[in-house]
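Asker: here you go, sequence then predicted model.
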Amino acid sequence: MTGLKKSDVGWYWCSVVDVQVTDALTVTTVVTMTADNEKTSIKETNPHTTPVSSSENSMDKRITVIWSLMGVGLLLLTVLVFCICMSVRKFNSENMRTLKHIAVKSGDSVTIPCFYDESYKSNKKFWCHGYYWSSCTIVAYGNTHGSTSVIDHPTHNMFTVELNRLNTDHSGWYWCAAEIGDKYNPDDKDYLYLTVSAAPAVSVLGSRVSGEEGSSVSVQCLYSAAYQNKQKQWCRSTDWSCYTVGRTHTSQNSTVWIREGIRSFKVEMSGLKKSDAGWYWCSVGDVQVPVHLTVTDALTVTTTVTMTPESK
């Protein structure tokens with residue numbers, strides 16, 4: 001600062017990123033008399049001002065770099081903690097799959113399918129309740145019966161969870177899981193949300209249907225007015241594919257018809273094959289209701305003709 005004035009007196013600070021160092025500026029008057037006392041020069045100086053060496057400048061730069069690196073490190077640590085928390089909350093594997101949001105009417109029962117990889121055939125299965133996987137409560141293990149029944153079907157690589165006499169208190173987060181029992185490989189699982197209410201957003205007329213091979217079956221899927229403009233689908237677990245309104249030929253040569261009505265849509269499957277048997281679900285928006293299809297052998301009619309000798 002050159003040409004100092006009395007008005008320059010006050011506080012100033014050096015600032016590097018978010019670090020400041022304050023200093024006061026004092027202006028004094030220095031009077032210099034010549035030998036003959038005829039000429040006077042006046043110089044305003046700041047006694048607190050000292051030259052800054054190059055080593056001090058270098059130190060300031062190093063401090064700035066350290067602060068910057070600490071800031072970046074803190075940001076990366078925050079992102080890492082966030083990712084870990086998210087993985088603990090909602091980790092799911094392709095080796096364990098189920099539906100994502102199931103709606104049920106109060107007082108009713110529901111059977112939920114949980115599909116697992118073939119390598120889990122001999123592993124213990126269980127049903128867990130809780131928002132966080134790390135702290136969820138095991139409700140029932142495989143092949144147990146009661147208000148919650150868990151039945152393993154290793155030949156189909158799946159297990160079912162049957163929930164009976166449901167009420168609104170049963171709404172919440174649940175987990176289909178297989179016990180791995182290895183400290184290097186955590187238990188495998190997938191989550192879903194169950195909504196139990198007096199008037200569910202989506203429902204079906206009959207959650208279990210059966211038909212003979214070559215015949216047809218139909219399922220009526222109902223939904224509330226709030227879901228009128230949501231996407232309607234009929235999905236199957238065989239390949240996790242879904243069909244929308246219209247006519248579709250499946251890979252098994254059977255035909256799926258979906259006709260939309262007033263707050264409902266009807267699914268008709270014709271030309272049934274044994275390979276069509278399995279789990280399906282009505283899907284409206286983000287809500288699903290599971291449906292099981294059984295395909296039985298076609299009825300064979302045998303006609304017996306009895307011949308009698310003619311009288312002569």
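Answerer: Good, I have the coordinates. Numbering: from 1, shown residues only.
Asker: could you use CA atoms for every contact and neighbour count after this?
Answerer: Fine.
Asker: got the buried residues for stretch 158-178?
Answerer: 158-163, 166-167, 170-171, 173-178 (16 or more other C-alpha atoms under 10 Å).
Asker: dump the C-alpha coordinates for it into PDB.
Answerer: Extracted in PDB, the C-alpha atoms of stretch 158-178 (Å, rounded to 0.1, in the frame of the first residue of the first chain):
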ATOM      1  CA  MET A 158     -38.100 -71.000  -4.900                       C
ATOM      2  CA  PHE A 159     -39.800 -70.800  -1.600                       C
ATOM      3  CA  THR A 160     -43.200 -69.300  -0.600                       C
ATOM      4  CA  VAL A 161     -44.200 -67.200   2.400                       C
ATOM      5  CA  GLU A 162     -47.800 -67.500   3.400                       C
ATOM      6  CA  LEU A 163     -49.100 -64.700   5.600                       C
ATOM      7  CA  ASN A 164     -52.500 -65.300   7.300                       C
ATOM      8  CA  ARG A 165     -55.100 -63.100   9.000                       C
ATOM      9  CA  LEU A 166     -53.300 -59.900   8.000                       C
ATOM     10  CA  ASN A 167     -54.100 -56.500   9.500                       C
ATOM     11  CA  THR A 168     -52.700 -53.000   9.000                       C
ATOM     12  CA  ASP A 169     -50.000 -53.600  11.600                       C
ATOM     13  CA  HIS A 170     -48.400 -56.100   9.300                       C
ATOM     14  CA  SER A 171     -47.600 -53.400   6.700                       C
ATOM     15  CA  GLY A 172     -43.900 -52.800   6.400                       C
ATOM     16  CA  TRP A 173     -40.600 -53.900   4.900                       C
ATOM     17  CA  TYR A 174     -39.700 -57.600   4.600                       C
ATOM     18  CA  TRP A 175     -36.900 -59.700   3.200                       C
ATOM     19  CA  CYS A 176     -36.700 -63.100   1.400                       C
ATOM     20  CA  ALA A 177     -33.300 -64.600   2.400                       C
ATOM     21  CA  ALA A 178     -31.100 -67.600   2.100                       C
END
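Asker: in strands only, show me the buried residues of stretch 158-178.
Answerer: Met158, Phe159, Thr160, Val161, Glu162, Leu163, Trp173, Tyr174, Trp175, Cys176, Ala177, Ala178 (DSSP state E).
Asker: so what's the first one bridging to?
Answerer: This points to Met158. Met158 has these beta-bridge partners by DSSP bridges: Phe115, His153.
Asker: which residues touch it?
Answerer: Pro113, Cys114, Phe115, Tyr116, Asp152 (C-alpha atoms under 8 Å, 6 or more residues apart in numbering).
Asker: measure the closest residue to the first one other than its chain neighbours to Phe265 for me?
Answerer: To tie it back to what came earlier, the one meant is Pro113. Leaving aside its sequence neighbours, Pro113 sits nearest to Thr160 (C-alpha to C-alpha, 6 or more residues apart in numbering; 4.6 Å). Going from Thr160 to Phe265 by C-alpha to C-alpha, to the nearest Å gives 26 Å.
Asker: so can I have JSON lines of the contacts of Met158 showing pLDDT and neighbour count?
Answerer: As requested, those are exported to JSON lines (pLDDT from 0 to 100; neighbours: other C-alpha atoms under 10 Å):
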{"residue": "Pro113", "pLDDT": "98", "neighbour count": "24"}
{"residue": "Cys114", "pLDDT": "98", "neighbour count": "25"}
{"residue": "Phe115", "pLDDT": "97", "neighbour count": "23"}
{"residue": "Tyr116", "pLDDT": "97", "neighbour count": "26"}
{"residue": "Asp152", "pLDDT": "97", "neighbour count": "23"}
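Asker: including distance to Val139, could those go into TSV?
Answerer: Supplementary listing: those in TSV, determined by distance: C-alpha to C-alpha, whole Å:
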residue	distance to Val139
Pro113	16
Cys114	15
Phe115	18
Tyr116	19
Asp152	15
